[in-house]
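Undergrad: What would the 3D arrangement of this be:
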Amino acid sequence: MNTITDDALARRLQAGEAFFGAEADRIARLCHRMAERFARGGRLIALGWSPAARSDVRHVAVEFVHPVIVGKRALPAIGLAAEGGSLALQVDLIAEPGDIAIAFGAEDGEAETLAGLARAADRGCLTIAFGTGVGAEWEFGTPQGSDPFVRQELVETLYHVLWELVHVFFDHRGLLEGRTERRVHDTGASSFLYPFLAETETDLEAVVADVRESVLMKADEVGALRTQTLTDNRDALVAAAAAVRACFDAGGKLLAFGNGGSATDAMDAVADFRAAPQGWPARPALDLTEDSGILTALANDIGPEVLFQRQIIAYGRPGDAVLSLSTSGGSANVILALEEARKRGLVTVALVGYDGGRVAAEGLADHVIVTRSQHIPRIQEAQASAYHVLRELVESGSSLSSQQT
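TA: Next up, the predicted model:
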């Protein structure tokens, strides 16, 4: 048994229960307010300054614009991060009065983020932020004492839940148009996401109560999935951390990649290795999803299946390590990259969902961590716990073996 992974799981379960138990009603009501704005043509403006906040900015934008659930509409979302310069100036140029602004990093007192958030409020945006006393209309304070990785995981679950449940109110158009008449609806192909909402009446409080229950259900689901991921894969995580640490100690680097939301998780993992908020030593890591010029050139001239393989060829050296993230375990560009990395003598670590897909079935990585779910948002949330715990274990160094019995 490894006490680090046990403690990491306990911290996450306690924080998740406390946070969503306290905030479920407000989250449900915020979904209604956001749906009102979207129904009137508003957009989601995500903003953040630090590398870690940037990963959340990109993640929330891709979730809203590219819904992975069949039957869900694409909703307009724009990400504003440090590469665009002053956040306040970007907000001033882009945001409109009917938009929604969600800020990442305000709880850390990032001056650029606070300035951008204030400008969004001045522009008439509905404002959302994490932390308290940061100037947003909707503020969500994470549990006191929770570590930075746990807080980020709560934030990721929260914006996934907002994305999933804002759609409920589109099935109750009267609630978005100021009407109060009752109407029967059916959530159709997406009803498996909203078991409380089939054939219900559309008065606001009844719908909010049902959405609140769905928030709590989703929080319970991710808690169970984090338990499965960190418990079933404990030995794999410990072994992967030891292998990655050995690479760093020998002068190697980490290469991380994934697609879509998994690409943004790769961004986050690289940010955490380069500059962990806990103050751990900076570790050399490259984000293979970062350079849009390289990605678009490869996709256009050859095809998307080589996006990461060609970069492994360019950057990978014996003694390096790879961290791949895939919810399916079957993405062609992930598989080709893992195969190339193995040919070149790189250590390979894969975080995969569902049943592990081809990556697990064919043993395409040295260390495979399987999150057993078919629900993509929950997979990504549990995978965030996995790579955060991996990061923590890397810094345990030689104490890893002494903590196992």
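
Undergrad: which residues of the stretch 51-200 of the chain score low on pLDDT?
TA: Within the stretch 51-200 of the chain, the stretches with pLDDT under 70 are 68-71, 144-145, 173-175, 177-200.

Undergrad: Show me where it has its strands.
TA: Applying DSSP state E, counting those that start in this stretch to the stretch 51-200 of the chain gives strands spanning 77-80, 100-104, 126-130, 138-140.

Undergrad: Val168: which of those is closest?
TA: With respect to Val168, and counting by C-beta to C-beta, the nearest of the strands of the stretch 51-200 of the chain is strand 100-104 at 16.4 Å. To be clear about C-beta, it is placed using only N, CA and C from the backbone, and glycine gets the same treatment.

Undergrad: What's the local residue count around Glu156?
TA: For Glu156, the neighbour count with other C-beta atoms under 10 Å is 26.

Undergrad: OK, contacts around it?
TA: 56, 59, 380-381, 384 (C-beta atoms under 8 Å, 6 or more residues apart in numbering).

Undergrad: repeat that for 10 Å
TA: Listed by C-beta atoms under 10 Å, 6 or more residues apart in numbering, the contact partners of Glu156 are 55-56, 59-60, 63, 222, 261, 264-265, 268, 377, 380-381, 383-385.

Undergrad: from the chain's centre, how far out does stretch 369-379 sit?
TA: On the basis of C-alpha atoms, centre = their mean, to the nearest Å, stretch 369-379 sits 12 Å off its chain's mean C-alpha point.

Undergrad: would you say Val334 is within a strand?
TA: No - using DSSP: H, G, I helix; E, B strand; the rest coil, the secondary structure at Val334 is helix, not a strand.

Undergrad: List only buried entries from the contacts of Glu156.
TA: Burial by neighbour count, judged by 16 or more other C-beta atoms under 10 Å, picks out 55-56, 59-60, 63, 222, 261, 264-265, 268, 377, 380-381, 383-385 from those.

Undergrad: Specify which member of the residues you listed is nearest to Gly21.
TA: Checking the buried ones among the contacts of Glu156 against Gly21 by C-beta to C-beta gives Val222 as the nearest, at 13.6 Å.

Undergrad: So that closest one sits against Val161, correct?
TA: Yes - contact criterion C-beta atoms under 10 Å: Val222 and Val161 qualify, at 9.2 Å.

Undergrad: Name the residues contacting each of these two.
TA: Here Val222 and Val161 have 20, 377, 381 as joint contacts, going by C-beta under 10 Å, 6+ apart.

Undergrad: which one among those residues gets closest to Leu80?
TA: Distances from Leu80 to those, taken by C-beta to C-beta, are shortest for Pro377, at 22.7 Å.

Undergrad: which non-adjacent residue is nearest that closest one?
TA: In space, Pro377 comes closest to His160 once its chain neighbours are excluded; the distance is 4.0 Å by C-beta to C-beta, 6 or more residues apart in numbering.

Undergrad: Count the neighbours of that neighbour for me.
TA: Per other C-beta under 10 Å, the neighbour tally for His160 reads 22.

Undergrad: and if you look at Gly363?
TA: Residues near Gly363, counting by other C-beta under 10 Å: 11.

Undergrad: So it, which state does it fall into?
TA: Assigned by three-state DSSP, the conformation of Gly363 is coil.

Undergrad: Pop out the phi and psi values for it.
TA: When read as degrees, to the nearest 10, the backbone of Gly363 gives phi 60, psi 50.

Undergrad: any idea how far it is from Leu338?
TA: Noted for Gly363: a distance of 10 Å to Leu338, by C-beta to C-beta, to the nearest Å.

Undergrad: ok, now Leu117?
TA: Between Leu117 and Leu338 the computed distance is 40 Å (C-beta to C-beta).

Undergrad: Ok, Thr264 next?
TA: Using C-beta to C-beta, Thr264 is found at 20 Å from Leu338.

Undergrad: do Arg344 as well
TA: 11 Å.
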